[in-house]
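Enquirer: below are the sequence and a predicted model; questions follow.
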Amino acid sequence: MKVLQLGEFGLIDHLTKHLSKGKAVVGIGDDAAVLKMTNDKCQMSNKGKYLLITTDALVENVHFTIKNTSFVDLGYKALAANVSDIAAMGGTPTAAVITLALPAGLAVEKLDAFYRGLNRLAKKLKIDLVGGDTVASPKALMISITLLGEVSPKNLLLRSTAKVGDLICVTGTFGLPAARHYSASVLPPIRLKEAAALAAQRLASAMIDSSDGLVRSVVELAKASQVGARLWEERIPIAPGATLDQALYGGEEYELVFTVPKNKVRDLAGKRKLKKIDQISIVGEIVPLGEQVKLIDNRGKIKEPKTKGFEHFQ
Ligand code: ADP
Ligand code: MG
């Protein structure tokens, strides 16, 4: 069987059988893995916290082209994508390692620019860049960043804990990266403050980031939580210049998609801290598993999603 027959998500499901969760609090299947740090071996600043680990790769001609890309923006974006996964767990990023697979002819100035962009965000968020690996690549440039973070056990937010009746909420707007043809110059939002506030105030029951698109995020959250979902099309915050389809299915958004128990929705609206930071929209609700993930159009008609969102190998 070939990789393309399974697709990205089918392949990840397939590979799951080779992994073991071991002593991890959360293994495969969330935005980041979660490990307990034993107090005597703990190297990090805050004992008792969980360690978060996430990794993301960018490949030339898949995620960007050398000709049309600002490497400063690419560096910023590569780290921001990882930060988004740590944010979606309710955590704080701490340190990163960077792996480069390089064609021998690549201009070093491009890499300097990449690290400048990376550092711009790392400095702002106090993320230490502590190592990596450098290897040759016969053709395409590949960059992989692994980011560590930490979270208090009480603030940890998972994909798997949404309940029937919860409302589905999002930060920001959707569709802009797709409307701009995924130009590297569309810099992702950083939602650390919003995520931390939602976690600390116990408003969210489950959370994921929207890196593969809004519909895909809801599908993944619903799958992990063993529930179904309804998304109300007229409530989706569409970015200026984008279409509804781009907002539903376009990727590279890096917004937060989270669920809130109905009795806490009033709190959500009332929290000045959250209101001040950015817009939060209620876009749907969690329903029983058997009802699957569906869209409701502006005439109240139930519709099947057109696709499940961005997927590699398709
Ligand atoms: P995200 O979009 O949040 O980065 P992904 O969709 O890439 O998440 O991955 C979903 C889950 O599958 C994560 O838990 C991730 O760690 C895991 N995963 C993805 N690829 C692999 C792989 N090749 N081997 C093991 N686990 C993987
Ligand atoms: Mg994610």
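Expert: That came through, no problem. Note that the structure is predicted; figures quoted are calculated from it, not measured. Ligands and ions are numbered 1, 2, ... in the order given.

Enquirer: look up how far ligand 2 lies from the residue in the stretch 51-200 of the chain that ligand 1 sits nearest to.
Expert: Residue nearest to ligand 1 within the stretch 51-200 of the chain (Cβ to the nearest ligand atom): residue 85, separated by 5.0 Å. Yep, even glycine has a C-beta here, placed from its N, CA and C like the rest. Per Cβ to the ion, to the nearest Å, residue 85 is found 4 Å from ligand 2.

Enquirer: spit out the contact partners of that residue.
Expert: 31, 32, 54, 56, 147, 209, 211 (Cβ atoms under 8 Å, 6 or more residues apart in numbering).

Enquirer: help me confirm that it is found in a helix?
Expert: Yes. The assignment for residue 85 by DSSP: H, G, I helix; E, B strand; the rest coil puts it in a helix.

Enquirer: next one, pLDDT for it please.
Expert: pLDDT, residue 85: 98.

Enquirer: can you give me the buried ones in stretch 285-296?
Expert: Of the residues in stretch 285-296, those buried under the neighbour-count criterion (16 or more other Cβ atoms under 10 Å) are 285, 286, 287, 293, 294, 295, 296.

Enquirer: that one: end-to-end distance?
Expert: 11 Å (Cα to Cα, to the nearest Å).

Enquirer: hmm, who's touching that stretch?
Expert: Under Cβ under 8 Å, 6+ apart, the answer for stretch 285-296 is 162-168, 215, 218-219, 222, 225-233, 248, 259, 284, 302-305.

Enquirer: ok, which stretches of the stretch 101-250 of the chain are helices?
Expert: 108-125, 176-179, 192-200, 214-225, 244-249 (DSSP state H, counting those that start in this stretch).

Enquirer: same for the first one, what does it pack against?
Expert: Yep, that's helix 108-125 we're talking about. helix 71-87, strand 92-102, strand 128-136 (3 or more Cβ pairs under 8 Å, 6 or more residues apart in numbering; DSSP states H and E).

Enquirer: let's see that with 6 Å instead.
Expert: Secondary-structure packing of helix 108-125 (3 or more Cβ pairs under 6 Å, 6 or more residues apart in numbering; DSSP states H and E): helix 71-87.

Enquirer: that older thread, ranking the contacts of residue 85 by neighbours, who comes first?
Expert: Per-residue neighbour counts (other Cβ atoms under 10 Å) across those peak at residue 209, which has 28 neighbours.

Enquirer: OK, contacts around that residue?
Expert: Neighbour list for residue 209: 31, 84, 88, 254 [criterion: Cβ atoms under 6 Å, 6 or more residues apart in numbering].

Enquirer: please redo it, this time with the cut-off set to 8 Å
Expert: Counting by Cβ under 8 Å, 6+ apart, residue 209 has contacts 31, 84, 85, 87, 88, 191, 217, 254, 255, 256, 257.

Enquirer: what bridges to it?
Expert: Following DSSP bridges, residue 209 is listed with bridge partners residue 256.

Enquirer: pLDDT at it, what is it?
Expert: pLDDT, residue 209: 97.

Enquirer: again with residue 43
Expert: We have a pLDDT of 54 for residue 43.

Enquirer: and the gap between residue 149 and ligand 2?
Expert: 13 Å.

Enquirer: what two of the buried residues of stretch 285-296 are the furthest from one another?
Expert: Spatial extent of the buried residues of stretch 285-296 (Cβ to Cβ) is set by the pair 286 and 295 at 14.5 Å.

Enquirer: quick one: the residue nearest to residue 73 when sequence neighbours are not counted from ligand 2, how far?
Expert: In space, and not counting its chain neighbours, residue 73 is closest to residue 184: 4.6 Å by Cβ to Cβ, 6 or more residues apart in numbering. Distance, residue 184 to ligand 2, by Cβ to the ion: 19 Å.

Enquirer: and for residue 8?
Expert: 13 Å.
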